[in-house]
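[1] would you be able to build a 3D model of this:
(4 chains)
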Protein chains: 2
Amino acid sequence: MKRSMQTKRTTIYDLAELAGTSASAVSAVLNGNWKKRRISSQLAEKITLLAEKQGYALNMQASVLRRERSKIIGMIVPKYDNRYFGSIVERFEAMARDRGLFPIVTCTRRDPALEVDAARAMLSYQVDCLIATGATDPDRIVDLCSAAGVRTVNLDLPGSRAPSVISDNYGGALELTRRVLSNSEKKFGEMTPLLFVGGRGSDHNTSERVRGFRAAHAAAGVKVDERLILTCGYAPEKSEQAMKQLAETGESLPRGMFVNSTISLEGVMRWLRGSGHYADRIPLLGCFDWDPFVAMLGDHIEMVRQDVPTMLDAVFEIIDSGASDVKTVHVPPIIVEPV
Amino acid sequence: MKRSMQTKRTTIYDLAELAGTSASAVSAVLNGNWKKRRISSQLAEKITLLAEKQGYALNMQASVLRRERSKIIGMIVPKYDNRYFGSIVERFEAMARDRGLFPIVTCTRRDPALEVDAARAMLSYQVDCLIATGATDPDRIVDLCSAAGVRTVNLDLPGSRAPSVISDNYGGALELTRRVLSNSEKKFGEMTPLLFVGGRGSDHNTSERVRGFRAAHAAAGVKVDERLILTCGYAPEKSEQAMKQLAETGESLPRGMFVNSTISLEGVMRWLRGSGHYADRIPLLGCFDWDPFVAMLGDHIEMVRQDVPTMLDAVFEIIDSGASDVKTVHVPPIIVEPV
DNA sequence: CAATTCTGCTTCATCGATTGAGCACGCTTG
DNA sequence: CAAGCGTGCTCAATCGATGAAGCAGAATTG
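    Have a look, this model is predicted:
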């Protein structure tokens, strides 16, 4: 309480001296296995009180160095700018803590080099396990980790060398597309091909969603217009640019759109409001991802919300069970009923 | 590359043996001060190559244990569910990395007990410095840290025992209120008292914003209606509930509202759409905080966007300069021009 | 050519916590 | 009463990286 200067932190040796006992007794008491080590409850209590009074804090570096498992669990995540990743991180931290693990999370801004650097850094900090969320190149990370004997789980985007937990992108996209097409029929009396915008053509989720998009068109007997598939990247600037270019072709614009993330939707909406197209009438929209304000934007914005709690349950089940067979768990996303 | 079993990680001792040299030489080479330690560049190169080939990764726990500074910088943050905190974390991580620091961030869900636990955990991990963002009780955290000789900076919410960086809440609120009142005059030909909803009455930011809210009313010659100040907490459920209760009083509802965060706005909007009030006509709104989709919600939603880059510049200036005088830096927020 | 300096390393203690091994004492048992 | 056991602790090695101190041998100097 009264230590204001640059006091060296209190260690178990300090406590041992104060208590007139040995450091190993102090250690045993403070990490809870004093029963096993046959320390008397009197000594235990004395030490506990002293530690509290002195404001003792365990030095994790020393502890981890000595132990074989660090109980540190790492996660890398692309961005913090949307509800999906935000809730993943929030829930991940809570679940990790519930298990007595220390979570460390880092954001890699969809930058492959940063992803690798971050993974390396986490390995240096001796994480017991790493969750690679939405990684550009999950297998690269898995390789790094397995060289160090560290387990990995891929989340959101699958890899081929570690268990993965992802949304059922195909199923979600199929249903989302179906709904937008159906809205289109209700509103215009006919179904015309939709626009697909956002995401990277090379990533698994996007290609699965495109597959669902196509399947829904096929089921409705609508031919997909290939020029309307714009997998331009996730960033708002990218989708805004893609819309602008599309409009410049002079062709008539689609009546409905499948937007591949809220973050891409941000760019699309910017373009919609900035350009005079659609004359203030928002087209029929479907968005793969959920945001509370998007839900309020206009009428009939269909959304598919990825089921984060279930996904993280699956992740921790893999971790807790110690399974490491390369399987992909597909979690059905939640179809949000428009308000 | 070819280590697939549970191989013990490579250490500097392994490398030393392979290179036919000593561990200290390896250490010196790998941490870059081999020039100072007069290691020949031939040996240096040999060791570097070996390390690479063996996939050597530094054991940070051991390294930090030995060194006096850990180069780990911690941040606690209340939530990841809005753009404000999301961008704080994202930028914090980037700036920390630029300085060669390792950022660890943890989310405390506005729970005072979790805040303290998280701070303790970070101290155990030997953070050199801790940034307490939006902490319920910053002084408590500062006390914990200073007992361990760890510097602290308060962000978003100020404390009395460490430097703080916060928005100019009074100024921002004054201008935001002024604008909503002015819109009210344009639309209805008169100014009537606005509603203030969201935030905790006990927190500094909220009380400063209420002060700005009052000052703007006073300047416009409008009397504040005390029953319309609802500092019910930040969570959407809280603000939704508060609106419901207000409506149940049967009094006529205000024509404009000052909403104290996007997250509170979420609840307000839910109520607006759920209840029949305002008959689908969104009232004049001002929101202290920014979100791209909120900007698109309706006409004339005024927003004040906290200036995260400038705030974090200020935080790192304090950290870099080593200053620890208890000063509060007020960063003017950005008035967002409605689209 | 002896004395000094410089070069290029190695040795060893250290950081703080953990844990197997072991020690001293008192109590039981045959 | 000796042998055996249980209790309550201490000792010392260890985890991996770091860096002050030191030590050979080569190069330079007076």
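[2] how about the strands in chain A?
    In order along the chain, chain A carries the following strands (DSSP state E): A:72-77, A:102-107, A:129-133, A:151-155, A:164-167, A:195-197, A:199-200, A:229-230, A:232-233, A:256-259, A:284-288, A:301-305, A:328-331, A:334-336.
[3] for DNA strand D, which of the ones you listed is the nearest?
    For the strands of chain A, the distance to DNA strand D is smallest for strand A:72-77, at 14.9 Å, taking C-beta to the nearest atom of the strand. Placement of C-beta: from N, CA and C, glycine included.
[4] residue A:306 and DNA strand D: what is the separation?
    Counting by C-beta to the nearest atom of the strand, to the nearest Å, the separation of residue A:306 from DNA strand D is 39 Å.
[5] for that residue, grab the count of nearby residues.
    Burial of residue A:306 is recorded as 24 neighbouring residues (other C-beta atoms under 10 Å in any protein chain shown).
[6] pretty sure it contacts residue A:332?
    No: if you go by C-beta atoms under 8 Å, residue A:306 and residue A:332 don't touch, sitting 9.5 Å apart.
[7] anything in contact with each of the two?
    A:167, A:172 (C-beta atoms under 8 Å, 6 or more residues apart in numbering or on different chains).
[8] the helix or strand of chain A with the lowest mean pLDDT: how far from the chain's middle?
    When each helix and strand of chain A is scored by mean pLDDT, DSSP states H and E, helix A:262-274 comes last, with a mean of 93. In terms of C-alpha atoms, centre = their mean, to the nearest Å, the centre of helix A:262-274 is set 22 Å apart from its chain centre.
[9] list the helices and strands that helix packs on?
    Under the contact criterion of 3 or more C-beta pairs under 8 Å, 6 or more residues apart in numbering or on different chains; DSSP states H and E, the helices and strands touching helix A:262-274 comprise helix A:236-248, strand A:256-259, strand A:284-288.
[10] quick one: contacts for residue A:48?
    If you count contacts by C-beta under 8 Å, 6+ apart, residue A:48 has them with A:29, A:30.
[11] returning to that earlier point: flag every buried residue along the least confident helix or strand of chain A.
    With burial defined by 16 or more other C-beta atoms under 10 Å in any protein chain shown, the residues of helix A:262-274 counted as buried are A:262, A:263, A:264, A:265, A:266, A:267, A:268, A:269, A:270, A:271, A:272.
[12] for chain B, find the nearest of the strands of chain A.
    strand A:102-107 (5.1 Å; C-beta to the nearest C-beta).
[13] thinking residue A:140 is in contact with residue A:116, fair?
    Yes: between residue A:140 and residue A:116 there is a contact at 6.2 Å, judged by C-beta under 8 Å.
[14] now the common contact residues for those two.
    Overlap between the neighbourhoods of residue A:140 and residue A:116 is empty, taking contacts as C-beta under 8 Å, 6+ apart.
[15] where are the low-confidence patches of chain A?
    For chain A, residues meeting the criterion pLDDT under 70 lie at A:1-7, A:279-280, A:299, A:339.
[16] repeat that with 90
    By pLDDT under 90, the low-scoring segments of chain A are A:1-8, A:187-190, A:249-253, A:272-283, A:295-300, A:322-324, A:337-339.
[17] go through it and flag its longest helix.
    Using DSSP state H to assign secondary structure, the helix with the most residues in chain A is helix A:169-188.
[18] mind listing what's buried along that helix?
    By 16+ other C-beta under 10 Å, the buried positions in helix A:169-188 come out as A:169-184.
[19] so which of those residues are also by DNA strand D?
    With C-beta under 7 Å from any atom of the strand as the criterion, the subset of the buried residues of helix A:169-188 in contact with DNA strand D is empty.
[20] the closest residue to DNA strand C within the stretch 151-300 of chain A and residue A:136: what is the separation?
    Residue nearest to DNA strand C within the stretch 151-300 of chain A (C-beta to the nearest atom of the strand): residue A:151, separated by 20.3 Å. Shown here: residue A:151 relative to residue A:136, a distance of 20 Å by C-beta to C-beta, to the nearest Å.
[21] please apply the same query to residue A:295.
    Distance check for residue A:295 against residue A:136: by C-beta to C-beta, it reads 29 Å.
[22] look up how far residue A:143 lies from the residue of the stretch 151-300 of chain A closest to DNA strand C.
    On the measure of C-beta to C-beta, residue A:151 and residue A:143 end up 13 Å apart.
[23] more neighbours, those two?
    The residue with more neighbours, out of residue A:151 and residue A:143, is residue A:151; 20 against 17, by other C-beta under 10 Å.
[24] chain neighbours aside, what residue packs nearest to that one?
    Nearest residue to residue A:151 in three dimensions, chain neighbours excluded: residue A:129, at 4.8 Å (C-beta to C-beta, 6 or more residues apart in numbering or on different chains).
[25] near DNA strand D, which residues of chain A?
    Looking at DNA strand D, the residues of chain A close enough under C-beta under 7 Å from any atom of the strand are A:20-25, A:28, A:37-40, A:42-43, A:62, A:65-66.
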